[in-house]
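[1] here you go, sequence then predicted model.
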Number of protein chains: 2
Amino acid sequence: MSDTQVWSREEFEAKLRERGRGYHIHHPFHVLMYEGKLNQQQIQCWVANRYYYQIAIPIKDAAILSNCPDIDVRRGWIQRIFDHDGSGPINEGGKGGIEAWLQLGEAVGLKREDVQSLKLVSPAAKFAVDAYINFARQRPWQESVCSSLTELFAPHIHQQRIDAWPEKYPWIKSDGLQYFRNRLTQARRDVKQGLDITLDYFGKSREMQERACEILQFKLDVLWALADAIMLQCCDVKIENGVQYVRQDQV
Amino acid sequence: MSDTQVWSREEFEAKLRERGRGYHIHHPFHVLMYEGKLNQQQIQCWVANRYYYQIAIPIKDAAILSNCPDIDVRRGWIQRIFDHDGSGPINEGGKGGIEAWLQLGEAVGLKREDVQSLKLVSPAAKFAVDAYINFARQRPWQESVCSSLTELFAPHIHQQRIDAWPEKYPWIKSDGLQYFRNRLTQARRDVKQGLDITLDYFGKSREMQERACEILQFKLDVLWALADAIMLQCCDVKIENGVQYVRQDQV
């Protein structure tokens, strides 16, 4: 058996799922969050930074549509833009994920305008998220679809928040968690199309299967780097024998 | 006197230079480096990551050329590509900054092929550097020229290394420092063209002058985020009451 033999469809999917070991659910900042150890300012910092990721999603999905000549794929993929941008009047149930995220912002005590202004977003968080947008703009659409497969791991982290937050962060109003509840259903549905496309397209050779794993790793790295940026912005960080990390231009 | 009044040329230049307070010379990782507190592995980590920045420079400068219709600007700016890529046979003095950086890599004990493979580069370092390349590709050439003005602050950090390293890091061979010696002269010459273009183009209104300061800040943020990424990759980092920072997928 050569180690360059093509994986079966099941093996290939298992190899992709194995990459979940690098999902940001394991990032120390998210572990602190799950354990209820973040204060309100730190939760706010996460919500404000992560907003930049939320508004990037429909831009990224539109880039995929714009690179994709397959009408059937486009007819499925376009649902993701509605999921985040919403459709119809917001007060009649037409709100999408971005609006739900703004409501999470309000539930944790942030002003909507402050979140929307992006003034709270760390530069390194922007660089990580922009890397994802630019990937979707510049790479073949099948690669961008593959990069979305961190959705395989998302329901778990959303469920964690729904379960743990009411006890750990009782000061966050329950309707603030609506984004996570919505995504539980949406992410499970979305991942089916993305996974099928990836298993089909990259399943043709072992080299392509490994390329798919690398692309998924790139997206895991985006989410990890986003968590790094947030951690450095709002946590007490000490490096090398207790040296305090402080941004010089912020003192 | 309104606070929207246009700054004089001298005031404008002073405002740009003031931004030097956020230059990565003040980043805790670079402070540790200057103080001689990094070990060989950490110096290697910096050199290997920073190589990704070095190879991005001529790509970025070519993007500026490709966006610039002004032949006089191009005739000056093209020198930067030669500075980094070199010209003529390398063994006859034709080497550029990238080759000098590879020699720094060898001087700190890295294999040339390992540096060139980019396998030692942190994802977050790539995201920061790619943000700089994509800025140069997507923005008007005058904005990209402005973003290069961190060169205003570079001679100081290069001089620090030339002065401090022989004492603090005696195990690094002296010819490894040639990159810094070359850049002392080159950066001082380069900054003249970039500064003149910026003061002329953005000097037309206070709004544009402030835009120039923001662009310079963007580039300072790129360098700062690069140092963050390197620090998280190779330093002992503790967050919030001593929680150890470790990348889960690397354990």
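    That came in fine, so what should we check first?
[2] which residues of the stretch 151-251 of chain A lie near chain B?
    Those residues of the stretch 151-251 of chain A that sit near chain B, judged by C-beta under 8 Å from any C-beta of the partner chain, are A:218, A:220-222, A:224-225, A:228-229, A:231-232, A:235-241, A:243-249. All C-beta spots, glycine's among them, are computed from the backbone N, C-alpha and C.
[3] and A:Arg181, what does it touch?
    A:158, A:162 (C-beta atoms under 8 Å, 6 or more residues apart in numbering or on different chains).
[4] repeat that for A:Arg74.
    A:Arg74 touches A:65, A:68, counting by C-beta under 8 Å, 6+ apart.
[5] that one: what secondary structure?
    With DSSP: H, G, I helix; E, B strand; the rest coil as the basis, A:Arg74 sits in helix.
[6] quick check: it vs A:Phe202, distance?
    A:Arg74 sits 20 Å away from A:Phe202, going by C-beta to C-beta, to the nearest Å.
[7] any low-confidence regions in the stretch 51-200 of chain A?
    A:90-92 (pLDDT under 70).
[8] name the element the residue lying closest to A:Asp83 once chain neighbours are set aside belongs to?
    Of all residues not flanking A:Asp83 in the chain, A:Gln186 sits nearest, at 5.3 Å (C-beta to C-beta, 6 or more residues apart in numbering or on different chains). Under the criterion of DSSP states H and E, A:Gln186 resides in helix A:178-201.
[9] three-state assignment of the spatially most central residue of chain A?
    Centroid check for chain A by C-alpha atoms, centre = their mean gives A:Leu223 as the closest residue, at 6.1 Å. At A:Leu223 the chain is in helix, as set by three-state DSSP.
[10] likewise for A:Lys238?
    strand.
[11] for it, give me its contacts.
    Contacts of A:Lys238 (C-beta under 8 Å, 6+ apart): A:244-245, B:237-239.
[12] what's across from it in the sheet?
    On the basis of DSSP bridges, A:Lys238 is bridged to A:Gln244, B:Lys238.
[13] how close does it get to B:Val243?
    A:Lys238 is 10 Å from B:Val243, by C-beta to C-beta.
[14] also A:Asp228?
    Distance, A:Asp228 to B:Val243, by C-beta to C-beta: 14 Å.
[15] neighbour count winner among the two?
    A:Asp228 (30 against 18; other C-beta atoms under 10 Å in any protein chain shown).
[16] ok, that one to A:Cys234 distance?
    12 Å.
[17] and if you look at A:Ser147?
    Remark: distance between A:Ser147 and A:Cys234 (C-beta to C-beta) = 27 Å.
[18] A:Gln160: neighbour count?
    15.
[19] equivalent analysis for the one 4 residues further on, please.
    Residue neighbour count, defined by other C-beta under 10 Å, stands at 14 for A:Ala164.
[20] who's in contact with A:Gly96?
    Contacts for A:Gly96 (C-beta under 8 Å, 6+ apart) come out as A:82-87.
[21] who wins for neighbours among those residues?
    Of the contacts of A:Gly96, with other C-beta under 10 Å as the count, A:Asp83 tops at 23 neighbours.
[22] distance from the helix or strand in which that one is found to the middle of the chain?
    Here A:Asp83 sits within helix A:79-85, counting by DSSP H and E. Relative to the centre of its chain, helix A:79-85 is centred 14 Å away, using C-alpha atoms, centre = their mean, to the nearest Å.
[23] contact partners of it?
    The contact list for helix A:79-85 (C-beta under 8 Å, 6+ apart) reads A:54, A:57-58, A:61-62, A:65, A:96-98, A:182, A:186, A:190.
[24] please list only the buried members of those residues.
    For these, a burial check counting by 16 or more other C-beta atoms under 10 Å in any protein chain shown picks out A:54, A:57-58, A:61-62, A:96-98, A:182, A:186, A:190.
[25] please convert the residues you listed to a markdown table, extending it with distance to A:Gly109.
    A markdown table is the format used below for these (distance: C-beta to C-beta, whole Å):
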| residue | distance to A:Gly109 |
| --- | --- |
| A:Gln54 | 18 |
| A:Ile57 | 24 |
| A:Pro58 | 26 |
| A:Asp61 | 30 |
| A:Ala62 | 32 |
| A:Gly96 | 23 |
| A:Gly97 | 20 |
| A:Ile98 | 19 |
| A:Asn182 | 22 |
| A:Gln186 | 26 |
| A:Asp190 | 30 |
